[in-house]
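> Could you look at this predicted model? Sequence included:
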Amino acid sequence: MKITDRSHHVQDPRLGGATPVEPGTPHPPEPDAPEGDRVDVSDAARRLAALALAAPADDPERAARVAELQKAVADGTYVADPEATARKLLLELASEPRK
């Protein structure tokens, strides 16, 4: 099956496209949704969405750093530092409140 072959797609008017959801905003269930069908967004996903919205999109320093990283990845010259990554992840986990 080709990716462009749409003959196997379900034709449902509710599937018109992605609708952005603000973090922490509950989405009311569809009135005709069967009982028991639902999607829950985790607290981590909500926090990530909030961070994405809070990140300054027009920060020129960040844009330059992202462009630099994209070029390094594209050129094959990017080298990840696993120790620094692990250190930052552990520091972030240690700073999160316990549930």
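Looks like it came in fine. Numbering: from 1, shown residues only.

> For the worst-scoring helix or strand of the chain on mean pLDDT, name the packing helices and strands.
In the chain, no helix or strand scores lower on mean pLDDT, DSSP states H and E than helix 43-54, which sits at a mean of 82. For helix 43-54, there is no helix or strand it packs on, judged by 3 or more CB pairs under 8 Å, 6 or more residues apart in numbering; DSSP states H and E. Where C-beta positions appear, they are placed from N, C-alpha and C, glycine not excepted.

> For this structure, which helix extends over the most residues?
Criterion DSSP state H: the longest helix present in the chain is helix 60-75.

> helix or strand right after that one?
Counting by DSSP states H and E, the element after helix 60-75 in chain order, helix or strand, is helix 82-95.

> what's that next one packed up against?
Other helices and strands packing on helix 82-95, by 3+ CB pairs under 8 Å, 6+ apart, are absent; none qualifies.

> and it, average pLDDT?
Averaged over helix 82-95, pLDDT sits at 93.
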